[in-house]
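[1] just need the structure, nothing else, for what follows:
(2 chains)
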Amino acid sequence: MDQSKKKPSTWLRLQYKKWFVLLRRGLTEENPIIVTVLGICSSLAVTNRVENAIFMGLGVTFVIIASSALVSLLRNLIPSKVRMVAYMVIISVFTIVVQMFLQAFVPTVADRLGSYTGLIITNCIVMGRAEAFAIKNPVKYTLIDGLANGLGYMLVLVLIASVREPLAFGQYFGMTIPGFENWIKWNVMALAPGGFFVLGMIAWGFRALMGKYEEDGVQ
Amino acid sequence: MKKYLQMMLFVVVLGLVASGILVGANEITKDYIAKNAEYAWKHSILEHHEIPHTQLDFSEVFDESFTVQTEFYEDGNTLTLYTNKVNNRISFRFFGNGLWDVIEGVITLEPDFNTVVAITVTKQAETPGLGGVVAEPEYLSNYVGKQFGDTGLIAVKNGATTNQEVDAITGATGTTNAFIGLLNTNFRKYYNTFSGEDILAPLKKAILSQHTIEYNDDNYNSLFYTHFEVVNKNNLTLYVNKTTNYKSYAFTTEGFRGPIEAVITLKEDFVTIHKITVLSQSEGQGAIIQNDPTFFDGYVGKKFKPVIIVTTDPNNENEVLDGFSTATQTKTKFINGMNDAYQTYYTTFQGGNQ
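    A predicted model of the protein is given here:
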C-alpha cells in the first residue's frame, strides 16, 4: 500500500480549514487578553463573580460579532477617512442594545456590572477586530473571527473569576462551596488588585505553555 | 464632488441602520425595563411591610395591600403616600441629591407619622466603600425606631444617644449630611401634605425655641399666639415678641440645589441678629447649615450694617467667620438671600432704606 495515496484523517483536514484556524487563533495563539493584551480593564473589574464574568463575556462576544459583521457588510461603503468614527457609531449601537437587554432580562447582573456594560464601547478588542479583520474580510469569516475572539475573552474572564470568587467569597457561581462554609473572606481578591495578580499568573502560565515570548520587539 | 456625495450617502445609510437597530431593541426591552424599575421600589416597600410576594405577582399584591393618596405639592411635584390597609403604617419614596449623584429610596413610618420602621436606598452612586455605605442594610438598620420630631434627624459622629440622632458614616461626612438633609426635606414635604397637622408648626416651634420659650406638642400653638403679635404688611409676616420686642420672620433663599428655608430673630433694634435656624434645605456639603446646631452661633450679636459679610478674617460687627468650608455655592446664595430678605423686611416694617 502506498502511504501517500491514503486520505488524510478528518482531524488533519479540519486543521487547515480557514474557520478552524480563525477559531483556534482567537481562543489561543491570538487570545485578545493573554496575547494581545486588549480589554484588560473589564477583565479586572468584573471578574470577582463567575456569573458577572459570563454575562460580560456574552455581552462583549455579541458586540464583537455584531459590530464586526456590520462593518464587514458595509466595508465597501465606508469611506476610509471616517472609518474609525463609523466603527465607534456601530459599536455604540450594539453596546446600547446589550445594555438594554441586560437591564430587561437580568437586572441584578446589570446592576452589578454597573457602568462596565456601557464601557464595552471602549473595549479595545471590539475596535481592534473591526480594524484588523472585519474591514477587509467577508461577513462569514468575520462572524467566526468575532465569535473566536469573544469566546477567547470570555474564557479568560471565567478562568480569572473561577480563582477569585472562591478565594474572595468561598463561593462558586453564587453558591457556597462544600468545605468553604467558614472561609475567611480574602478581600483583596474581591478588588481589582486581586484580579491583576490572578490575570498576571494566568497570562504567564498560558504564554509559557504556548511558548509565546516577546524578545526585543520580535515575536 | 463624487467623494462627498458618497460620504453623505454613507452617513445617511449608517444613521438609518443605527437608529433602526436601537428603535427595535428599545421596543423589545422597554416594557421589561419599566417593570424591573417598578419592581425595585415596590419590592422594597413590600419588604418593609413584611408582605410575601414574588416577582410575578408583586404589582397585584402591592395594589391590594395599600391605599394610595396623591397630592400636588407647591414645588410642582406630585407626592404619593402608601398606607398599609392592615396596620396603617405609611410608606413613601424619597429622592434627593447625594454628594455625587441622586439618591433614591423608600421609607416606611409608623402611623404616628414620626417613627422610622425601615429605610431602603434603591439607587445611589456615592464613593464605593465610603459614602456607598449609605445603601447597606447594616447601616440603614441604624435608623429603625428613630424619630423625625419637629427638627428632623441629626447625624452624630460619636454614637447616637437620643431618638433623633443617627450615626454618621465614617469618612463620608458629605454623603451623610446630604442623605440626612434629603430625608428631612422629603419627610417635611410629606408631613405637611398628608399628616393633617398645622403646616406652620415647624416655623412656630422654631420661633418659640429662638425666643427660649418652652413648649410641647399640645401647647405650642396657644403659646405662640399669646407671646407674639403677628404683623402682616405687603404679603410679608413679622412675628413680634410682646415682652422683649424681638422680631422674627421666615425667609427663603436660593441654594446650591434647591430653596433653603430659614427663620431669623432680630433684637428690638431690627439690626442685631439674635438667632438663625434653617428649617429645610437640599444642599449636599452645605447641609451643615441645618445639621450642625452650632453653625450659626457665630452670627449672634452681628449686625446688618448694611449687610452681613462672610469672611475668613472677621473684624467688624457685620462680619462673620466663614464656616461653610467647601460649600461655596450654598454660602453665596444663602448669605445673599438672607441680606435681600433683611432689606425687604426692614424697608417694609421700619420704613426707608438702612
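
[2] where do the strands of the stretch 201-350 of chain B begin and end?
    Along the stretch 201-350 of chain B, the stretches classed as strands by DSSP state E, counting those that start in this stretch are B:228-233, B:236-241, B:247-253, B:260-266, B:273-280, B:309-311, B:319-321.

[3] residue A:10: which of the ones you listed is closest?
    strand B:273-280 (77.9 Å; C-beta to C-beta). Bear in mind the C-beta positions are built from the backbone N, C-alpha and C, glycine included.

[4] secondary structure class of residue B:126, three-state.
    coil (DSSP: H, G, I helix; E, B strand; the rest coil).

[5] so residue B:346 sits against residue B:307, correct?
    No - using C-beta atoms under 8 Å, residue B:346 is not in contact with residue B:307, being 10.9 Å away.

[6] the longest helix in chain A is where?
    helix A:139-169 (DSSP state H).

[7] elements contacting it?
    Judged by 3 or more C-beta pairs under 8 Å, 6 or more residues apart in numbering or on different chains; DSSP states H and E, helix A:139-169 is in contact with helix A:18-24, helix A:40-45, helix A:50-73, helix A:124-132, strand A:171-172, helix A:187-190, helix A:192-210.

[8] pLDDT averaged over it - what is it?
    For helix A:139-169, mean pLDDT is 93.

[9] try stretch A:26-39
    86.

[10] picking that back up, for chain A, find the nearest of the strands of the stretch 201-350 of chain B.
    Relative to chain A, the nearest member of the strands of the stretch 201-350 of chain B by C-beta to the nearest C-beta is strand B:273-280, separated by 31.7 Å.

[11] tabulate the CA atom coordinates of that closest one in PDB.
    Taking Å, rounded to 0.1, in the frame of the first residue of the first chain, the C-alpha atoms of strand B:273-280 are listed here in PDB:
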ATOM      1  CA  ILE B 273     -29.000  89.100  64.900                       C
ATOM      2  CA  HIS B 274     -30.400  87.100  67.800                       C
ATOM      3  CA  LYS B 275     -30.800  83.600  66.300                       C
ATOM      4  CA  ILE B 276     -30.900  81.900  62.900                       C
ATOM      5  CA  THR B 277     -32.400  78.500  62.200                       C
ATOM      6  CA  VAL B 278     -32.600  76.600  58.900                       C
ATOM      7  CA  LEU B 279     -35.800  74.700  58.600                       C
ATOM      8  CA  SER B 280     -35.200  72.900  55.300                       C
END
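
[12] tell me the angle it makes with strand B:236-241.
    130 degrees (axes from the mean of the first three to the mean of the last three C-alpha atoms, to 10 degrees).

[13] for residue A:52, give its distance to chain B.
    To chain B, residue A:52 is 15 Å away according to C-beta to the nearest C-beta, to the nearest Å.

[14] show me what residue of chain A gets nearest to chain B.
    residue A:104 (3.5 Å).

[15] surely that residue is within a helix?
    Yes - assigned with three-state DSSP, residue A:104 falls within a helix.

[16] quick check: it touching residue B:36?
    Yes - here residue A:104 reaches residue B:36: they are 7.0 Å apart, a contact under C-beta under 8 Å.

[17] residues in contact with the residue nearest to residue B:350 when sequence neighbours are not counted?
    Once flanking residues are discounted, residue B:350 sits nearest to residue B:270: 5.4 Å by C-beta to C-beta, 6 or more residues apart in numbering or on different chains. By C-beta atoms under 8 Å, 6 or more residues apart in numbering or on different chains, the contact list for residue B:270 reads B:247, B:346, B:349-350.

[18] picking up where we left off before, deepest-packed of the helices and strands packed on helix A:139-169, please.
    Highest mean neighbour count of the helices and strands packed on helix A:139-169: helix A:50-73, a mean of 23 (counted as mean count of other C-beta atoms under 10 Å in any protein chain shown).

[19] that one to helix A:124-132, inter-axis angle?
    Going by the same axes, to 10 degrees, helix A:50-73 makes 20 degrees with helix A:124-132.

[20] coming back round to it: distance check, the residue of chain A closest to chain B against residue B:230.
    According to C-beta to C-beta, to the nearest Å, residue A:104 stands 57 Å off from residue B:230.

[21] picking up where we left off before, more crowded one of residue B:346 and residue B:307?
    Set residue B:346 next to residue B:307 and count neighbours by other C-beta atoms under 10 Å in any protein chain shown: residue B:346 wins out with 18 against 14.

[22] I'd assumed residue A:70 was in contact with residue B:17.
    Yes - between residue B:17 and residue A:70 there is a contact under C-beta under 8 Å: 7.2 Å.

[23] run through the strands of the stretch 51-200 of chain B in chain order.
    So, for the stretch 51-200 of chain B - with DSSP E, counting those that start in this stretch - the strands run B:66-72, B:78-84, B:90-97, B:102-109, B:116-123, B:154-156, B:165-167.

[24] name the helices or strands packed onto the fourth one?
    Going back to what we said before, that points to strand B:102-109. Counting by 3+ C-beta pairs under 8 Å, 6+ apart, strand B:102-109 packs on helix B:2-48, strand B:90-97, strand B:116-123, helix B:173-194.

[25] name every strand pairing with it and say which way it goes.
    strand B:90-97 (antiparallel), strand B:116-123 (antiparallel) (DSSP bridges).

[26] show residues contacting the first one.
    What that stands for is strand B:90-97. Residues contacting strand B:90-97 (C-beta under 8 Å, 6+ apart): B:41, B:45, B:48-49, B:66, B:79-84, B:102-109, B:111, B:113, B:178, B:181-183, B:185-186, B:190, B:194, B:257, B:282, B:284.

[27] show me what contacts the most centrally placed residue in chain A?
    Closest to where the C-alpha atoms of chain A average out (C-alpha atoms, centre = their mean) is residue A:153, at 1.7 Å. Listed by C-beta under 8 Å, 6+ apart, the contact set of residue A:153 reads A:31-33, A:39, A:43, A:57, A:60-61, A:64, A:125.

[28] correct me, but residue A:96 touches residue B:29?
    No - contact between residue A:96 and residue B:29 fails when scored by C-beta under 8 Å: they sit 10.4 Å apart.

[29] state the distance from residue A:199 to residue A:50.
    Residue A:199 is 15 Å from residue A:50, by C-beta to C-beta.

[30] repeat that for residue A:20.
    28 Å.

[31] before we move on, what about residue B:222?
    67 Å.

[32] what's the answer for residue B:286, then?
    Distance from residue B:286 to residue A:50, by C-beta to C-beta: 44 Å.

[33] next one: residue A:92
    For residue A:92 relative to residue A:50 (C-beta to C-beta), the value is 28 Å.

[34] which bits of chain A sit near chain B?
    Residues of chain A found near chain B (C-beta under 8 Å from any C-beta of the partner chain) are A:70, A:74, A:77-79, A:81-82, A:86, A:89-90, A:93-94, A:96-97, A:100-101, A:103-105, A:107.

[35] try it again at 10 Å.
    Contact residues, chain A versus chain B (C-beta under 10 Å from any C-beta of the partner chain): A:66, A:70, A:73-74, A:77-79, A:81-82, A:85-86, A:89-90, A:92-94, A:96-108, A:110-111, A:114-115, A:191.

[36] which stretches of chain A have low pLDDT?
    The model of chain A has pLDDT under 70 over residues A:1-5, A:214-219.

[37] how does it look with 90?
    A:1-49, A:51-52, A:74-83, A:85, A:103, A:106-124, A:168-194, A:206-219 (pLDDT under 90).

[38] can you say which of the strands of the stretch 51-200 of chain B is nearest to residue B:294?
    strand B:154-156 (11.6 Å).

[39] hmm, who's touching that closest one?
    B:146, B:160, B:162, B:164-169, B:173, B:176-177, B:179-181, B:184, B:287, B:290-293 (C-beta atoms under 10 Å, 6 or more residues apart in numbering or on different chains).

[40] of those residues, buried ones?
    B:146, B:160, B:164-166, B:168-169, B:173, B:176-177, B:179-181, B:184, B:287, B:290-291 (16 or more other C-beta atoms under 10 Å in any protein chain shown).
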